[in-house]
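> Build the 3D model from these lines:
(one chain, ligands or ions: 1)
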Amino acid sequence: MSPEVLVSHLARDKTKPRGHAASPATAGTAAVEAVALHISRGRTRILRGLDFSIGNGRITGLLGPSGSGKTTLMRGIVGVQKITSGSISVLGQPAGAPSLRHDVGYVTQSPSVYPDLSVEANVRYFGAMHGATAADTAEAIAAVGLEEFARQKTADLSGGQSSRVSLACALVSRPKLLVLDEPTVGLDPVLRAELWERFAAMAEAGTTLLVSSHVMEEASHCSSLLLLRDGLLLAQLSPAELAERGRSNDLERAFLHIIQEGLAAQ
Ligand SMILES: Nc1ncnc2c1ncn2[C@@H]1O[C@H](COP(=O)(O)OP(=O)(O)OP(=O)(O)O)[C@@H](O)[C@H]1O
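Next comes the predicted model:
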């Protein structure tokens, strides 16, 4: 599967514009905006006063160590996590608004697919909720490079292939905002590079992507980065700005430098 297939998948829509970038309604506006956002889970304060905005039609990386609150933030954005105070707006609506159901795709860390169903049946099932056609199903499967496995039971696939089935299930509805929680974990370098190429092609076609990772080298694939640590937003910047501010082209080192800078300032 080439990135062009994915672009074509996102660009051809009979009912709504798939080349989201061209939409005058969204051009120049924020896809996600968080203001004074606090989220607690149980008695623990997880996110502590986040303010940021995510631009339309680009890849934003959500980076931070394990336990820093990435999944909690993503859950808040897609509307499955109660907000304690502050707000998140998504495509101009409050996060979780019913009207966003067809516009926001969320791929969780562990593949959420039916293991007893074939790849095709899984994608068709999720597509049916959004009025997707058989052609949409086939295109979503092609977009993640799983055509030859379309009729295979999902339980019989590798971990990386199952993750891609999950991604196809999110793609089939052609969301304007795609939230991906550590999509490259457990994938080999070739597959990882391919996936990033696909994400870039999607952003090119106008989709907004928010991608979490705790691997700093993945930051270079993003146009904007949210650096999270202990539920605080350390910085929002581009990879080039991270390298400059962190005084290293090794983004892992640069992030560590920014953390130390923050600790010293406290
Ligand atoms: N249901 C829960 N109740 C209470 N605390 C929770 C719950 N789920 C997660 N947490 C805590 O919230 C914090 C943030 O977790 P979260 O999963 O958002 O982090 P993360 O950055 O996505 O981590 P990872 O990279 O390991 O997936 C962690 O300290 C975790 O222990």
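
> low pLDDT regions in this structure?
Per-residue confidence for the chain (pLDDT under 70) gives these ranges: 1-28.

> Spell out which parts of the stretch 51-200 of the chain neighbour the ligand.
64, 66, 67, 68, 69, 70, 71, 72 (C-beta under 6 Å from any ligand atom). Where you see a C-beta, it was placed from the backbone N, CA and C, and this is true even at glycine.

> can you list those residues in a markdown table and add secondary structure and neighbour count?
Putting these into a markdown table (DSSP: H, G, I helix; E, B strand; the rest coil; neighbours: other C-beta atoms under 10 Å) gives the following:
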| residue | secondary structure | neighbour count |
| --- | --- | --- |
| 64 | coil | 26 |
| 66 | coil | 8 |
| 67 | coil | 13 |
| 68 | coil | 23 |
| 69 | coil | 25 |
| 70 | helix | 23 |
| 71 | helix | 18 |
| 72 | helix | 19 |
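
> Pick out the residue of the stretch 151-266 of the chain closest to the ligand.
Going by C-beta to the nearest ligand atom, the ligand is nearest to residue 214 of the stretch 151-266 of the chain, at 5.0 Å.

> Hmm, residue 65 and that residue touching each other?
Yes. Counting by C-beta atoms under 8 Å, residue 214 does reach residue 65; the two are 6.0 Å apart.

> any chance you could map the strands in this protein?
Assigned by DSSP state E, the chain shows strands spanning 30-41, 44-55, 59-63, 85-90, 93-94, 104-107, 177-180, 208-213, 224-229, 232-237.

> Throw those into a markdown table and include mean neighbour count and distance to residue 251, thanks.
Listed next are the strands of the chain as a markdown table, based on neighbours: other C-beta atoms under 10 Å; distance: least, C-beta to C-beta, whole Å:
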| stretch | mean neighbour count | distance to residue 251 |
| --- | --- | --- |
| strand 30-41 | 19 | 23 |
| strand 44-55 | 17 | 19 |
| strand 59-63 | 25 | 9 |
| strand 85-90 | 18 | 27 |
| strand 93-94 | 14 | 33 |
| strand 104-107 | 23 | 23 |
| strand 177-180 | 24 | 19 |
| strand 208-213 | 25 | 11 |
| strand 224-229 | 22 | 9 |
| strand 232-237 | 18 | 11 |
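
> Make a markdown table out of those strands and add distance to residue 250.
Output for the strands of the chain, formatted as a markdown table (distance: least, C-beta to C-beta, whole Å):
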| stretch | distance to residue 250 |
| --- | --- |
| strand 30-41 | 29 |
| strand 44-55 | 25 |
| strand 59-63 | 14 |
| strand 85-90 | 32 |
| strand 93-94 | 39 |
| strand 104-107 | 28 |
| strand 177-180 | 24 |
| strand 208-213 | 16 |
| strand 224-229 | 15 |
| strand 232-237 | 16 |
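
> Quick one: closest of those to residue 115.
Closest approach to residue 115 among those (C-beta to C-beta): strand 104-107, 16.6 Å.

> Show me the contact partners of the closest one.
For strand 104-107, the surrounding residues in contact (C-beta atoms under 8 Å, 6 or more residues apart in numbering) are 74, 77-80, 90-91, 163, 166-167, 170-171, 173, 175-181, 183.

> Just those: which are in helices?
When those are checked against helices (DSSP state H), the matches are 74, 77, 78, 163, 166, 167, 170, 171.

> residue contacts, the residue nearest to the last one when sequence neighbours are not counted?
So the one you mean is residue 171. Nearest residue to residue 171, sequence neighbours excluded (C-beta to C-beta, 6 or more residues apart in numbering): residue 140, at 4.5 Å. Listed by C-beta under 8 Å, 6+ apart, the contact partners of residue 140 are 9, 123, 127, 132, 168, 169, 171, 172.
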